[in-house]
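K.L.:
build the 3D model from these lines:
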Amino acid sequence: MRYFWLCLLGGAIVMAFGLLLTNLAFEEAKAEGQQFKRLMFVNLSMGFRHSTTATAADAVIRLGWRSNPRFLTTVTEDTDLIVPEILRRYDAIMFYTTGELPMNETQKQAFLNFIREGKGFVGVHSSTDTFYNWQDFGELIGGYFAGHPWHQNVRLIVEDKEHPSTKHLGDVWEVRDEIYTFRNWSRDKVRVLLSLDPTSVDITKGNRPDQDYAIAWCRYYGKGRVFYTALGHEEHLWRDEKFLQHLLGGILWAMGILPGDAKPRPKP
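P.N.:
As a prediction, this is how the structure comes out:
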């Protein structure tokens, strides 16, 4: 019980600090006549709640503050905000979520239309552990969580060296995190950006006969853009510059600020 209240208090402090930074950025940008993008970061968990969600919220707020061009982030657990009249104020929506979020059918359609009509979606880590009962969401994000057999140092193969989320990583990225596997996932539907080097783990713990484990990917959804990274379980990653640049590149790409190809392609 004490842990629950500490997590709740920590989340409240982060949200208050984030609101302060957002207001400062808004006033500064307005004074300078800047145009800026807006990101809605939803971090509600209806299943397992990651202890890193508060740290993640703070990190994303700071990313927007230091980005060029800047974007302003609204962090919320209130899914009532996912309605057309509010979504039209935003350029992308980001999920660090689990479980069946409390959204009615009208909200779900508004969410899909928001992206399909040209906006962006960013999914982090357990966002693929969300909305198992809503097939359209699984189609949009590109797959569902199927297990996490490895929690260790791994090597990630950088498959797209031109995408803004991965071009800073070189050929191989060595990182420690909880590594997901996925079901209902296919290279025919998404463009893989990062994949697991199978020689860096005990591959017999996996659950795919082809031993093909994507870690980050992107795709087009109608006129919109979808970016997903399975990384982000470990607290230290939200202070790691390589990971933060990876996420920032994905956000800016999803918002349509930075170029990058999302056409699916076969395994190299």
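K.L.:
which outside residues touch the strand or helix carrying L156?
P.N.:
For L156, the enclosing helix or strand under DSSP states H and E is strand 144-158. Applying Cβ atoms under 8 Å, 6 or more residues apart in numbering, the contact partners of strand 144-158 are 126, 128-129, 132, 138, 166, 169-185, 193-197, 199-202, 205-207, 215, 233. In short, each C-beta sits where N, CA and C put it, glycine included.
K.L.:
which SSE is immediately downstream of that strand?
P.N.:
strand 172-183.
K.L.:
which neighbours does that next one have in its sheet, and in what orientation?
P.N.:
strand 144-158 (antiparallel) (DSSP bridges).
K.L.:
any buried residues in stretch 200-217, and which?
P.N.:
Applying a neighbour-count criterion of 16 or more other Cβ atoms under 10 Å, one finds 200-201, 206, 213-217 buried in stretch 200-217.
K.L.:
how long is that stretch end to end?
P.N.:
Taking Cα to Cα, to the nearest Å, stretch 200-217 runs 20 Å from one end to the other.
K.L.:
next one: stretch 139-146
P.N.:
First-to-last distance for stretch 139-146 - Cα to Cα - comes to 15 Å.
K.L.:
buried stuff in that stretch?
P.N.:
Those would be 140-146, for stretch 139-146 by 16+ other Cβ under 10 Å.
K.L.:
please apply the same query to stretch 66-76.
P.N.:
Those would be 67, 70-76, for stretch 66-76 by 16+ other Cβ under 10 Å.
K.L.:
ok, L101 - contacts?
P.N.:
L101 sits in contact with 42, 44, 46, 79, 130-131, where contact means Cβ under 8 Å, 6+ apart.
K.L.:
ok so it is a helix residue?
P.N.:
No: under DSSP: H, G, I helix; E, B strand; the rest coil, L101 falls outside any helix and is assigned coil.
K.L.:
what separation do you get for it and T130?
P.N.:
Look at L101 and T130: by Cβ to Cβ, to the nearest Å, they are 7 Å apart.
K.L.:
got the phi/psi numbers for the closest residue to H168 other than its chain neighbours?
P.N.:
Once flanking residues are discounted, H168 sits nearest to Q245: 5.3 Å by Cβ to Cβ, 6 or more residues apart in numbering. The phi and psi values for Q245, taken as degrees, to the nearest 10, are phi -70, psi -40.
K.L.:
residues near Q245, how many?
P.N.:
17 (other Cβ atoms under 10 Å).
K.L.:
just the one 3 residues further on next, same as before
P.N.:
The number of residues packed around L248, counting by other Cβ under 10 Å, is 22.
K.L.:
contacts only, for it.
P.N.:
63, 67, 165.
K.L.:
at 10 Å instead, please
P.N.:
59-60, 63-64, 66-67, 71, 164-165, 168, 241, 258 (Cβ atoms under 10 Å, 6 or more residues apart in numbering).
K.L.:
so how far is stretch 93-111 off the chain centroid?
P.N.:
14 Å (Cα atoms, centre = their mean, to the nearest Å).
K.L.:
and the end-to-end length of that stretch?
P.N.:
9 Å.
K.L.:
again, but for stretch 202-209
P.N.:
Per Cα to Cα, stretch 202-209 runs 14 Å from first to last residue.
K.L.:
could you give the average pLDDT over it?
P.N.:
For stretch 202-209, mean pLDDT rounds to 91.
K.L.:
give me the distance from it to the chain's centre.
P.N.:
Counting by Cα atoms, centre = their mean, stretch 202-209 comes out at 25 Å from the chain centroid.
K.L.:
switch to numbering from 25
P.N.:
Sure, I'll start counting at 25 from here, so that last one is stretch 226-233.
K.L.:
show me what that stretch is in contact with.
P.N.:
Here stretch 226-233 makes contact (Cβ under 10 Å, 6+ apart) with 170-174, 176, 203, 205-207, 209, 220-222, 235-237.
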